[in-house]
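1. Give me coordinates for this.
(2 chains)
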Amino acid sequence: MLRHYLTMTIAVLKRRPFYTAISLFGISFTLLVLMVFVAMADHALAPMAPESRQDRMLGVQSARMFGPESAWSSNAGYMLFDKYARTLPGVEALTIFSSFQSVATYLGDQRITSQMKRTDGNFWRVFDFTFIEGGPYGQADVDEARFVAVITRATRERLFPGAASALGKTFEADGQSFRVVGVVENVPDIRYVPFSDIFAPITTAKTDAYKRDIMGDFQAVALARTRDDLPIIREEFNARLSRLELPDKAYKTLVAPFETKYDAIARESPLADRSSPDRQGAKLTVFLAILALVFVTLPTVNLVNVNISRILERASEIGVRKAFGAPTRQLIAQFVVENVILTLLGGAIGLVLSGLVLRAMNQSGFIAHSAFTINARVFAYAVLIAFAFGVISGVYPAWRMARLHPVEALKGGPSR
Amino acid sequence: MTRHLIRLIWNRKRQNLLLTIEILCAFLVVFIVAIFGLTFAVNARAPLGYDTERVWVIDVGRPRTLAGQDGAEAAAAAETREREVFTRLLAAVRELPQVEIAAAAFTGPYVNAEWVSGMTLADGRKVNYVYNRVTDDFLPLLSMPIVAGRGFAREDDATAVDPVLINIQLARTIFGDANPIGRIIPEKIDPNRARRPADPPQTPKRVVGVIEDFRQGGPYSTPQAVLFDRVRLDGEAGTPGRLGVPERLLIRVKPGTPAAFEPMLVRRLQRESADWSFGASTMESLRERKLNDYMMPLTLLSVLAGFLLLMVTLGLTGVVWQSVIVRLREFGLRRAAGASGASVRRQVFGEMAVMTSFAVLAGTAIVGQLPFLPLPKELAVPAPVFAGAVALTAAAIYCLTLVCGWYPSRLAARIPPADALRYE
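-> Got it, this is the predicted structure:
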């Protein structure tokens, strides 16, 4: 039966190349946009080096203090994690590191701007960076405040152009001089938690004033022993923060929950309740679903209109089939299957196009060091999206078709 | 004629409803682009209020101290020390032969750090404004036009009230058409408001001058109310103008200063204060980045909208074409009864125009709800821009359907009546 539908579909599509072209253009463009978005989201959120163990990670990327009159939103301070997060139950390793900061290196007249993160020794245990040469600095280097640094491959090329190895070489950044001990593979800046160009020990900061702050410029990531420990870590830290006495009397509560990356992004979305330490991910999912729905409205209506036109074209065929007793259900099924085949075809074109668009985006440096690809997961999403689109845009026209009166249909279509 | 057309459309109401919905969707898509584009275009024509030629900005990063954490006295002592360092930095920069003029401020043009503050007027109105704290040289450095009164100067040292500069928009909001120079802003001062221990007590603000504008976000940003406080680095604690520590140094360099001046400048500052951080950038690069912040979303949106419209154009053409073919007998009959080809063509266009009008009316009704939504004030669009965007969108949509009807209507008009009637 399916083979019969397939033959029919191809015959129908070949009969009216103009309609086929319009439909395919609309479908492939719509799916292209959705697929590019899915590929970007996948690149930002799926587990991959240096966040391969992401399913066991929770992080704090933002901190907010709320008072009756005022609110303060920034990153958390070092002391908050040092004092309250180190002893959390279920944590295999905890790393505290600064947000990335722009630093300048001057090579002669030329200014090179890099992003720099200051981290503890655990940073290299929690994240699995790929070292091209050398290795990470350890906790001893951090404790002794040694001016050593790990840089990325792209930074090596910019700071030491033409050099085969950067190990042992020194460079200046933010007015300080660092010795390179390791070079790692580039990190796309869409993976904004571990992203940086230069990594240096936290203790090389210009003063140690940061050690006393509860609000500041720091983030923390906890690697849990097992996935079952994740809710324990989250709830225990929230409980500790709720008991915290804030030094600044203008503020009453501090919200800085350990969250998955998706929940952390959701916290910044317009729908989120930022003053609550509860998970906000579900709201973002609803928001994105609505956004996608709004976006596909126009292409869907367009496809429905084109489909109805195509049906009217085939009115006599439908009339004949109805006159010979084909049940309504079968006609509907046939048309929906036809439409799904058409959208899958458009989806295939969209997939190829999105591959090209993503490659162009990678090459343009639109997002630094990005390597957007269509992997099996993205492909599966694409097929799912195309299938759903095909069913949605096929059902109404099929219903219209099935309701055609045989006599009218045989005469060449309804008068109304 | 129109009534007749509406009846014809009513007779095919189901399909025409879907077509109208599609045109309505297209209307909404175009409207989004139009409102952004038109807002930017209108904004670009308003004066900026400054000139950034040869101006550089240096971000000054101090080691962070949490106000109040170590007690008010420690915080005040730390601030005094930081102000001394800042004074030295300013002096060091002024000595460099490449520097024409230097100033300190909380923020500058095209800088991402924005400070929006607010006050409650005596009559109960709440006013929000873009806030900045600047030294006396800030205005001449950026060649900011002063519309009335004067800029900040040494003579403000002696006053017991806060001298402030406001822009034309804020002056009009507070004082209407009256002359604001020398007047105290009628502000409700709330003694219970939570404040940092190091801040001086809130004092009344006296307007010393009116600046044309200070549109920090650049030419595409929407003009807002602006208020400048005067900051002085040498005042006694608790005196007016002793407002925290500035976050940025601004300099204007002499013509022909090369980019190689930057490392020299940063090293000089670093030498003055080793544990602070300095990041220099030219206004030109900041401006480029800021403009990109505005243009990038608009470009992406336009590309998306462009493809969506192309899709609609092709789809509508196909649908109209098909409906013309289905109705060839009807057109043939009209031709046989003596109607000219042009009149048949007018009928096809007329039907499309009626549907488009329905879609445009529905679309206008939908976007017309926008001003009544509880949106933040900054997002509110002025009425003329809104009306302009609706008109522009309607015109674009009529053009679109005209294009879609072009070929099918020609087909309908060209068909010989005999052929059309033979169809059956």
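2. Helices along chain A, start to end?
-> Along chain A, the segments classed as helices by DSSP state H run A:2-15, A:17-45, A:78-84, A:123-126, A:139-143, A:153-159, A:229-242, A:261-267, A:281-313, A:315-323, A:328-364, A:376-402, A:406-411.
3. er, chain B actually
-> In chain B, the segments counted as helices under DSSP H are B:2-11, B:13-45, B:72-95, B:138-141, B:168-175, B:261-272, B:283-326, B:328-336, B:341-367, B:383-414, B:417-422.
4. if we can go back for a sec, can you put the helices of chain A in CSV and add mean neighbour count, distance to B:Leu24 and mean pLDDT?
-> (C-beta placed from N, C-alpha, C; glycine too.) Compiled in CSV, the helices of chain A are given as follows (neighbours: other CB atoms under 10 Å in any protein chain shown; distance: least, CB to CB, whole Å; pLDDT from 0 to 100):
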stretch, mean neighbour count, distance to B:Leu24, mean pLDDT
helix A:2-15, 13, 29, 80
helix A:17-45, 21, 17, 86
helix A:78-84, 21, 52, 93
helix A:123-126, 22, 52, 96
helix A:139-143, 15, 61, 95
helix A:153-159, 19, 48, 94
helix A:229-242, 17, 45, 94
helix A:261-267, 20, 32, 91
helix A:281-313, 19, 9, 85
helix A:315-323, 17, 27, 81
helix A:328-364, 18, 23, 87
helix A:376-402, 18, 17, 84
helix A:406-411, 16, 29, 71
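5. Reformat those helices as CSV; add distance to A:Gly67.
-> Written out in CSV, the entries for these read as follows (distance: least, CB to CB, whole Å):
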stretch, distance to A:Gly67
helix A:2-15, 64
helix A:17-45, 33
helix A:78-84, 17
helix A:123-126, 33
helix A:139-143, 35
helix A:153-159, 41
helix A:229-242, 15
helix A:261-267, 19
helix A:281-313, 24
helix A:315-323, 69
helix A:328-364, 43
helix A:376-402, 43
helix A:406-411, 71
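6. could those helices be laid out in a markdown table, adding distance to chain B?
-> Output for those, formatted as a markdown table (distance: least, CB to the nearest CB, whole Å):
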| stretch | distance to chain B |
| --- | --- |
| helix A:2-15 | 13 |
| helix A:17-45 | 4 |
| helix A:78-84 | 9 |
| helix A:123-126 | 21 |
| helix A:139-143 | 19 |
| helix A:153-159 | 15 |
| helix A:229-242 | 17 |
| helix A:261-267 | 18 |
| helix A:281-313 | 4 |
| helix A:315-323 | 9 |
| helix A:328-364 | 11 |
| helix A:376-402 | 8 |
| helix A:406-411 | 8 |
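7. picking up where we left off before, tell me which of the helices of chain B sits most buried.
-> Mean neighbour count, computed with mean count of other CB atoms under 10 Å in any protein chain shown, is highest for helix B:138-141 among those, reaching a mean of 22.
8. tell me the mean pLDDT for that one?
-> Helix B:138-141 shows a mean pLDDT of 96.
9. Repeat that for stretch B:15-29.
-> Averaged across stretch B:15-29, the pLDDT comes to 90.
10. ok, it near chain A or not?
-> Yes. Judged by CB under 8 Å from any CB of the partner chain, stretch B:15-29 and chain A are in contact via B:Gln15, B:Leu18, B:Leu19, B:Ile21, B:Glu22, B:Cys25, B:Ala26, B:Val29.
11. Enumerate the residues of the stretch 101-250 of chain A near chain B.
-> For the stretch 101-250 of chain A, the residues found near chain B under the criterion CB under 8 Å from any CB are A:102-104, A:106, A:108-109, A:111, A:174-175, A:205-207, A:209-210, A:212-217, A:247-250.
12. Turn the buried ones among those residues into a named PyMOL selection, would you?
-> Typed into PyMOL, the line below selects the buried ones among these, using 16 or more other CB atoms under 10 Å in any protein chain shown:
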select buried, chain A and resi 103+104+106+111+174+175+205+206+209+210+212+213+214+215+216+217+247+248+250
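13. Okay, and which of the residues of the stretch 101-250 of chain A next to chain B map to strands?
-> Secondary structure defined by DSSP state E assigns A:Ser102, A:Val103, A:Ala104, A:Tyr106, A:Arg111, A:Met215, A:Gly216 of these to strands.
14. tell me the two of the residues you listed that are most distant?
-> Taking CB to CB as the measure, those span a maximum distance of 32.3 Å, between A:Tyr106 and A:Met215.
15. so what's A:Ile392 up against?
-> Taking CB atoms under 8 Å, 6 or more residues apart in numbering or on different chains as the contact definition, A:Ile392 lies against A:Thr300.
16. typo on my end, it should be B:Leu141
-> Contacts for B:Leu141 were tallied using CB under 8 Å, 6+ apart; they are B:Val55, B:Ile101, B:Ala102, B:Ala103, B:Leu250, B:Ile251, B:Arg252.
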